[in-house]
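Trainee: Here is a sequence together with a model predicted from it:
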Number of protein chains: 2
Amino acid sequence: MSTPRTKTRDIARSAVREELAEVAFGVFCRDGFEKATFDDLAAAAGVSRSTFLRYFGTKEEVVLCAFDPLGDEMTAALRARPADEDDWTALRRAIDPAVACYARDPADKLALLRLVQATPALCARLREKVVGWRPHLARALAERSGASPLAALVRVAAALDCLTLALEHWVELDGGRALDAITDEAFASLTVARGRHHELR
Amino acid sequence: MSTPRTKTRDIARSAVREELAEVAFGVFCRDGFEKATFDDLAAAAGVSRSTFLRYFGTKEEVVLCAFDPLGDEMTAALRARPADEDDWTALRRAIDPAVACYARDPADKLALLRLVQATPALCARLREKVVGWRPHLARALAERSGASPLAALVRVAAALDCLTLALEHWVELDGGRALDAITDEAFASLTVARGRHHELR
DNA sequence: TGCGCTACTGATACTCAGTGTCAAGCTAGC
DNA sequence: GCTAGCTTGACACTGAGTATCAGTAGCGCA
């Protein structure tokens, strides 16, 4: 059987990945993301450039793999909402896992987000990552509420933008205001003061 | 005076830029964006690699510079809306210039968007470009309606997502449905069926 | 304990994007 | 025509990312 074997390998692999990412984060914070080369990272971590590259593929991924679990967590959270809940409330609650994740250890997360926001390449890649979550969330939303694929995508996109913009705001305030409250405010901007546009439909 | 001189230079420069971009577009469509190198493009256009690079800076920009005017056009359109119009209607009308631009020559635009959507790197860069329009639009919106900076950003982001998602949908349908109507549908997804969330505020 | 399989490692070589520099050439404006 | 300043092409360089390959370490199995 190859299953247990593969499993131990995978455990080792993700442990190494985590270790490498942590060392690299220090280097990035010290030297800046663009300044630091794979040679630097490999040297700091005590492995070869080849190995470092194999673990992450791209330099951005070294930083951004930290965000990977959030997509699935949010989709699961959305699926766990009661069936009769309206879309916006369900979406607001679906991003709670993300909000909670940042609230868990704000200092580390602030440092991470500051690095990301200070680096255009990281901003762009993170954005792509978040966009990649859209289809899963939209499918879950459509299955709940019967919204059309386009409508589901639009609402999911708006909700994820609320999260992203709330995070940016949170970082700007140095974590001085609760992310939860900022996120509520962002959602409220969507759902109140929305005017009379198309209300006839 | 150096103004007239600079001006003629600039005219020549943008003419060359357009020509180069057009030649390059053909190469990209034939060989694929990632396959085509700057050497290929330069050879096809009859200039040196150095010169080609000077005109665009990055390979993505060769394709995406076509989208550059839209940001300012949309901001101007937003500022031109009547002051008492609600935010969502104003934003829907603000993106009309973009919609009109695609409707003007659908065949060319569809080909362009197909190339973009088939190429992850182009998707990502275009997304960044659109995100770069957000602050200008948000400032214009906040000045109109007195919305907070965060609220303005959230609404602008949602509106731009509507445009982007409508375009994706339009391309999927091969232009078989009016972009204008798809955009209306996307906006309607934001402004109707929004449930009871946070309506107390 | 020893064998064989497999995955991991590090070395090397390569392509290509993007940066910087420089001398030569062209052109608009005098 | 002259000339200042922009444009061009050539060249050299850094660094990301890809691909290959031989050596090795760990694991299951006999």
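Mentor: Here it is on my side, so go on.

Trainee: and the helix or strand where A:L150 lies, how far from the chain's centre?
Mentor: Using DSSP states H and E, A:L150 falls within helix A:149-172. Between the centre of helix A:149-172 and the centre of its chain there are 11 Å (CA atoms, centre = their mean, to the nearest Å).

Trainee: tell me what it is packed against?
Mentor: Packing partners of helix A:149-172 (3 or more CB pairs under 8 Å, 6 or more residues apart in numbering or on different chains; DSSP states H and E): helix A:87-94, helix A:96-104, helix A:106-117, helix A:120-145, helix A:179-191, helix B:149-172, helix B:179-191. Every residue, glycine included, has its C-beta placed from N, CA and C.

Trainee: From the contact counts, what lies against the lengthiest helix in chain A?
Mentor: Using DSSP state H, we find that the single longest helix of chain A is helix A:3-31. For helix A:3-31, the contact count by 3+ CB pairs under 8 Å, 6+ apart identifies helix A:38-45, helix A:49-56, helix A:59-64, helix A:106-117 as packing neighbours.

Trainee: Would you mark the buried spots in that helix?
Mentor: Using 16 or more other CB atoms under 10 Å in any protein chain shown as the test for burial, helix A:3-31 gives A:20-21, A:23-25, A:27-28.

Trainee: Out of those, the closest to DNA strand C would be?
Mentor: A:L20 (9.0 Å; CB to the nearest atom of the strand).

Trainee: what's the distance between the closest one and A:A121?
Mentor: For A:L20, the distance to A:A121 equals 19 Å [CB to CB, to the nearest Å].

Trainee: Please apply the same query to A:R134.
Mentor: Distance of A:R134 to A:A121, given as CB to CB: 21 Å.

Trainee: what about A:D108, neighbour count?
Mentor: Number of residues near A:D108 (other CB atoms under 10 Å in any protein chain shown) recorded here: 12.

Trainee: ok, now A:K59?
Mentor: Using other CB under 10 Å, A:K59 has 21 other residues around it.

Trainee: contacting residues around it?
Mentor: Listed by CB atoms under 8 Å, 6 or more residues apart in numbering or on different chains, the contact set of A:K59 reads A:33, A:36, A:38, A:121.

Trainee: Now the buried members of those residues.
Mentor: The buried subset of the contacts of A:K59 - by 16+ other CB under 10 Å - is A:33, A:36, A:38.

Trainee: Look up the closest residue to the last one, ignoring the ones flanking it.
Mentor: I take that to be A:F38. A:R49 (5.0 Å; CB to CB, 6 or more residues apart in numbering or on different chains).
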